[in-house]
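Undergrad: I would like to see how this sequence folds:
(2 chains)
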2 protein chains.
Amino acid sequence: MTLLTVWAPHARRVELEYGSARRPMHRQEGGEWRLEVPQLAHGEDYAFHLDGAGPFPDPRSRWQPQGVHGPSRWVDHGRFEWNDRDWQPPPLAAAVIAEIHVGTFTDEGSFDGVIDRLDHLVDLGITHVELMPVQEFPGERGWGYDGVNLFAPHHAYGGPDGLKRLVDACHARGLAVLLDAVYNHLGPEGNHLGRFGPYFTDAYRTPWGDAVNFDRAHSDAVRRFFLDNALMWLRDYRFDGLRIDAVHAIVDTSAIHFLEELAAEVRRLEAETGRHRVLIAESDLNDPRLIRPVEAGGYGLDAQWNDDFHHALHALLTGERDGYYADFGTIGHLERVLTRGYAYDGVRSVYRGRRHGRPATGLPGRRFVGCLQNHDQVGNRAAGERSSHLLSAGLLKVGAALVLTAPFVPLLFQGEEWGAKTPFLYFTDHPDPDLGEAVRKGRREEFAAFGWDPERIPDPQDRATFERSRLDWTELDRAEHAALLAWHRKLIALRRSHPAFADDRLDTIRVCFDEQQRWLIVLRPAVIVACNLAGGDRRLHCAQLAGHRILLASSPDAALDGEAIALPAESVAILAR
Amino acid sequence: MTLLTVWAPHARRVELEYGSARRPMHRQEGGEWRLEVPQLAHGEDYAFHLDGAGPFPDPRSRWQPQGVHGPSRWVDHGRFEWNDRDWQPPPLAAAVIAEIHVGTFTDEGSFDGVIDRLDHLVDLGITHVELMPVQEFPGERGWGYDGVNLFAPHHAYGGPDGLKRLVDACHARGLAVLLDAVYNHLGPEGNHLGRFGPYFTDAYRTPWGDAVNFDRAHSDAVRRFFLDNALMWLRDYRFDGLRIDAVHAIVDTSAIHFLEELAAEVRRLEAETGRHRVLIAESDLNDPRLIRPVEAGGYGLDAQWNDDFHHALHALLTGERDGYYADFGTIGHLERVLTRGYAYDGVRSVYRGRRHGRPATGLPGRRFVGCLQNHDQVGNRAAGERSSHLLSAGLLKVGAALVLTAPFVPLLFQGEEWGAKTPFLYFTDHPDPDLGEAVRKGRREEFAAFGWDPERIPDPQDRATFERSRLDWTELDRAEHAALLAWHRKLIALRRSHPAFADDRLDTIRVCFDEQQRWLIVLRPAVIVACNLAGGDRRLHCAQLAGHRILLASSPDAALDGEAIALPAESVAILAR
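TA: Residues are numbered from 1 along each chain as shown, chains lettered A, B, ... in the order given. The predicted model follows:
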């Protein structure tokens, strides 16, 4: 017996289409419609009609085998046989995250394809795999942030069973798995939520139009939709956590912010299941309230992406100053991030034209995820250049060392560990030709404003743009890539084995540096990282170096000499007592 | 030497008009324009021209003697001679507030007119006078919430010196003074702020259009404008606090909410001046974050208006269930408010169509201002009826007792203490005829929706509507009014003299009640309030009554008898050991 329910508070008539028949559903208090369907079994298709219009997929569809415009297929989550009975994920404080895009990570572009490459991640020392969104989005190719069937793993990746196999395979190898979840908007194509109920509000505007209705009339059911979505991924797919996309676009002025409620529900799920889960926000707010405990008036999330760390590192190493990089570029910015969590914690941002952020006083490094690059920072460039396109081999190693010795939770973007030379471009596959054209045009106009020749902007709708973004694993056969991979392995091994990295207090960190000479020394209580960013040899002097020894260096010529260390151009050394 | 400054970041040319000349001002970093004007003295007029357009009044004009469309007049705040050197306001926990509308409180309709009636308030036992907005609004008559020159006391009330005389006179009589400050929008007429800079943003919508820009580019200067405004009233006019209008319409998603910043600046001012100040929010959020201390993640405001208390009391006593009163009406609602602070603290509101609020756990009663009526609850009715129009003499006394014995800070609306029979209607005086007509039409349409005959809706623009709203102090010569006034005096005297009322813990309060029989007994640790709301005699039984005696009763027939008290119809008794 299957009980189908759908929330449609303003509908006068809701019908279930199943087989060749349409059956009327029954309205309940609160606007939920119900029907018991003895015949509906795992793997069978259905859809809804609202006041005679339709068919529309179930807003909570668990599978869209024909894509966003097709019918929904019923999935019985109880059928999958899991093999991860005693699984516990490692804590975030001990994590090294790899961000993966399922469609381009392997030639197969599927969940099963990822399974075949998991051993690479294990060998690298990765503890957490983070999947870019897999929720059903329009077409066969895409980043996933235009998802519209938020409960359905993408059909082109392998659907529900494929995703479960992947999570199970990760757990079998000791890897935790996180999923990117987008709760700030839905994609423009195939989004029928607004027909079903007041999922959106015009009280606030987001870059994608009307905001999701988290605090107006009927918002209880809307919040429940997203809360249930999060719980489904964590419970039925056994994800170890979620990365919540762009929470600054989740506007909720009610007394209990959606994120706080989400965190409370996830804490309850942990207690029920006896398994740890984490919630990580992508936030542009520099607001420590998100990651403070509820007892201190916070929302109780586990961590947030640290954009300031990325921007400080990227601007410092590349010299770029466009857009938001205008707010960064000195070693002093990196020092602020390493010692305070945010570079902008209440001080004026030129890019934003206002003061930004608030001190993260007392918060430990584990509350922040730090990276040299991620899908956004690579893919939102016109030509999708990775750090490996922008930095010398030496500076790549320095950047990797700064990320992997930082007090923050490090994140690598797929292929970063070997300096992949494939770009990561913006690609889409909108079945709606008008929308496809609009995306193509929008992309051209966006970068034309920066002086790009429109003809040189890769066409997001072109399959070749997607194909060019696929990792080329044969690169690993080449010495330069193998060397960078080995460097990442060593850094991760050191981070995971040396007890110095377990101390993630930010207020114990000091940075000794010389902006003109372009060197810096990060002084942590039990480990020191000395970097020469300059194009020539440097002798870095710092009294605290005395009594230390070199644990790992990117150049064999690094030489410690009492209170100074000699470092060749663009090199780094890690020291301890 | 007078230094004139004005913020106009996008202007290419700003000129000061003064005397018969226009002088160019000089742009500073950040978009502020300056000019030193040796000639400009106290009492002289000036205005600004922006890129050739104008003249416009100074956004920070301290005086608009000819109204919102006239020039600004310079005011030297140092000239006024204050007589309140050692003044300290009583604490909120000991306060009884009277809300006053300057234009209708007396026949004079001016600040000086209010001075003549202060002795009445002192005799009543009032500790804090709260002025409805006096910031320059369009025309000669209005509630004040359409203010546009937020630094200028209204010309029709007596301008800057008149207001200072009033505050000084209050302090001389031991009365603290609060001012209603509107920071969520500006009025539609004479509002030139948008010409001067990005004071508004379309990122959020309010009932009055675009929201004030508290968190977008250039918001530092916008926030400074409102912060400086608050500080001016508190420092230069020596107000003892502010009542911040409708803070739910102040949308600010930045890491430090405007209200938190405001509270921090006011705490600094307290330290500088050695004088206490309070900030009270009108809030529709039921969010205790506003009134929790900063150390607990709150904004650190002193108190908020308690709408739930008003609505519970009003709906219970009047039987009205329209609009938001649909969420109230039982004694159980009043019990929730008295014991928890909010009736809606996370539970579902039918009126709002969602869960509302959050528990105010641990917060004391002094963090809430409670009333039986206020300008909004009276004036937003089509016919401006007060409680005295809606309730019997008996229930009026019961209502007064529940307000004045409550753990919350009590507030009376002008004339409430004698059951004034003059209405308080919605009145305006827009010089712009189109706007005047729009207001007239809007008011008619608003109440036509509730079945009102449009012809019976008082015309807001008609001077008679304003005159009808003026208090009629001759009512006090009549016995029924004198009796109610005496009752209020007794209640306030009891509240201020009996130590039982100093204990404002909510979690020690219990309410014993019978919905069907329509009686309730509020049990506080050292005082008991027994109310019979029914139209007939009632015998109220409650074990805790034993050992108590009647301190004050609205009927001479109230009789305590062991564990029960006999109360005539619509009467109340206050008891202690």
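Undergrad: which element is A:Leu3 on?
TA: For A:Leu3, the host element (DSSP states H and E) is strand A:2-7.
Undergrad: any buried residues in that strand, and which?
TA: For strand A:2-7, a neighbour-count test (16 or more other C-beta atoms under 10 Å in any protein chain shown) marks A:Thr2, A:Leu4, A:Val6, A:Trp7 as buried. The C-beta positions use only the backbone N, C-alpha and C, and glycine is treated the same way.
Undergrad: which one of those residues is nearest chain B?
TA: A:Trp7 (13.1 Å; C-beta to the nearest C-beta).
Undergrad: nearest residue to the residue of the stretch 251-400 of chain A found nearest chain B in space, ignoring adjacent ones along the chain?
TA: Residue of the stretch 251-400 of chain A nearest chain B, by C-beta to the nearest C-beta: A:Gly297 (1.3 Å). Nearest non-adjacent residue to A:Gly297, counting by C-beta to C-beta, 6 or more residues apart in numbering or on different chains: B:Gly297, 1.3 Å away.
Undergrad: next one: A:Leu552
TA: A:Ile574 (4.6 Å).
Undergrad: the one you found reaches A:Leu402, doesn't it?
TA: No. Between A:Ile574 and A:Leu402 no contact is recorded; they are 10.3 Å apart, counting by C-beta atoms under 8 Å.
Undergrad: how much space separates the residue of the stretch 251-400 of chain A closest to chain B from B:Val347?
TA: 22 Å (C-beta to C-beta, to the nearest Å).
Undergrad: comparing those two, which residue is more hemmed in?
TA: A:Gly297 (19 against 13; other C-beta atoms under 10 Å in any protein chain shown).
Undergrad: hmm, that one is touching B:Pro293, no?
TA: No. A:Gly297 is beyond contact range of B:Pro293, at 9.6 Å (criterion: C-beta under 8 Å).
Undergrad: the stretch 151-300 of chain A: helices as residue ranges?
TA: Secondary structure of the stretch 151-300 of chain A (DSSP state H, counting those that start in this stretch): helices located at A:159-172, A:193-196, A:219-235, A:258-273.
Undergrad: buried deepest among those, which one?
TA: Most buried of these by mean neighbour count (mean count of other C-beta atoms under 10 Å in any protein chain shown) is helix A:159-172; its value is a mean of 21.
Undergrad: just want the angle from it to helix A:219-235.
TA: Calculated by axes from the mean of the first three to the mean of the last three C-alpha atoms, to 10 degrees, helix A:159-172 forms an angle of 50 degrees with helix A:219-235.
Undergrad: return the list of helices and strands in contact with helix A:159-172.
TA: helix A:111-116, strand A:149-153, strand A:176-181 (3 or more C-beta pairs under 8 Å, 6 or more residues apart in numbering or on different chains; DSSP states H and E).
Undergrad: next, the angle from it to strand A:176-181.
TA: Using the same axes, to 10 degrees: helix A:159-172 against strand A:176-181 is 140 degrees.
Undergrad: still on that earlier bit, three-state assignment of the residue nearest to A:Leu552?
TA: strand (DSSP: H, G, I helix; E, B strand; the rest coil).
Undergrad: direction included, what does the helix or strand harbouring A:Val529 pair against?
TA: Using DSSP H and E, A:Val529 falls within strand A:527-532. According to DSSP bridges, strand A:527-532 forms sheet pairs with strand A:519-524 (antiparallel), strand A:571-576 (antiparallel).
Undergrad: mean neighbour count added to those strands, as a markdown table?
TA: Converted to a markdown table, these look like this (neighbours: other C-beta atoms under 10 Å in any protein chain shown):
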| stretch | mean neighbour count |
| --- | --- |
| strand A:519-524 | 23 |
| strand A:571-576 | 24 |
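Undergrad: could I get those as TSV with mean pLDDT and distance to B:Arg165?
TA: Shown next, in TSV, are the strands paired with strand A:527-532 (pLDDT from 0 to 100; distance: least, C-beta to C-beta, whole Å):
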stretch	mean pLDDT	distance to B:Arg165
strand A:519-524	98	63
strand A:571-576	98	71
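Undergrad: quick one: closest of those to B:Gly147.
TA: Smallest distance to B:Gly147 across the strands paired with strand A:527-532 (C-beta to C-beta): 53.0 Å, for strand A:519-524.
Undergrad: run the chain-centre distance for that closest one.
TA: How far strand A:519-524 lies from its chain's middle: 28 Å, per C-alpha atoms, centre = their mean, to the nearest Å.
Undergrad: again, but for stretch A:253-261
TA: 22 Å.
Undergrad: can you check stretch A:85-96 too?
TA: Distance, stretch centre to chain centre, for stretch A:85-96: 17 Å (C-alpha atoms, centre = their mean).
Undergrad: one more: stretch A:432-439?
TA: That offset, for stretch A:432-439, works out to 26 Å (C-alpha atoms, centre = their mean).
Undergrad: just stretch A:440-457 next, same as before
TA: 26 Å.
Undergrad: same thing with stretch A:186-202?
TA: 24 Å.
Undergrad: could you do stretch A:343-350 as well?
TA: On C-alpha atoms, centre = their mean, the centre of stretch A:343-350 falls 24 Å from the chain's centre.
Undergrad: buried residues in that stretch?
TA: Quick answer for stretch A:343-350 (16+ other C-beta under 10 Å): A:Ala343, A:Tyr344, A:Asp345, A:Ser349.
Undergrad: how far does that stretch stretch from one end to the other?
TA: In stretch A:343-350, first residue to last residue: 13 Å (C-alpha to C-alpha, to the nearest Å).
Undergrad: average pLDDT for that stretch?
TA: For stretch A:343-350, mean pLDDT rounds to 97.
Undergrad: just the closest residue of the stretch 51-200 of chain A to chain B, please.
TA: For the stretch 51-200 of chain A, C-beta to the nearest C-beta, closest residue to chain B: A:Pro198, 9.0 Å.
Undergrad: my guess is that residue meets A:His218, correct?
TA: Yes. Between A:Pro198 and A:His218 there is a contact under C-beta under 8 Å: 4.7 Å.
Undergrad: let me see the contact set for the closest residue to A:Gly298 other than its chain neighbours.
TA: Spatial nearest neighbour of A:Gly298, excluding adjacent residues (C-beta to C-beta, 6+ apart): A:Arg292 at 2.6 Å. If you count contacts by C-beta atoms under 8 Å, 6 or more residues apart in numbering or on different chains, A:Arg292 has them with A:Gly298, A:Tyr299, A:Gly300, A:Leu363, B:Gly297.
Undergrad: so who does A:Trp63 touch?
TA: Contacts of A:Trp63 by C-beta under 8 Å, 6+ apart are A:Ser72, A:Arg73, A:Trp74, A:Val75, A:Ala152, A:Pro153, A:His155, A:Gly159, A:Pro160.
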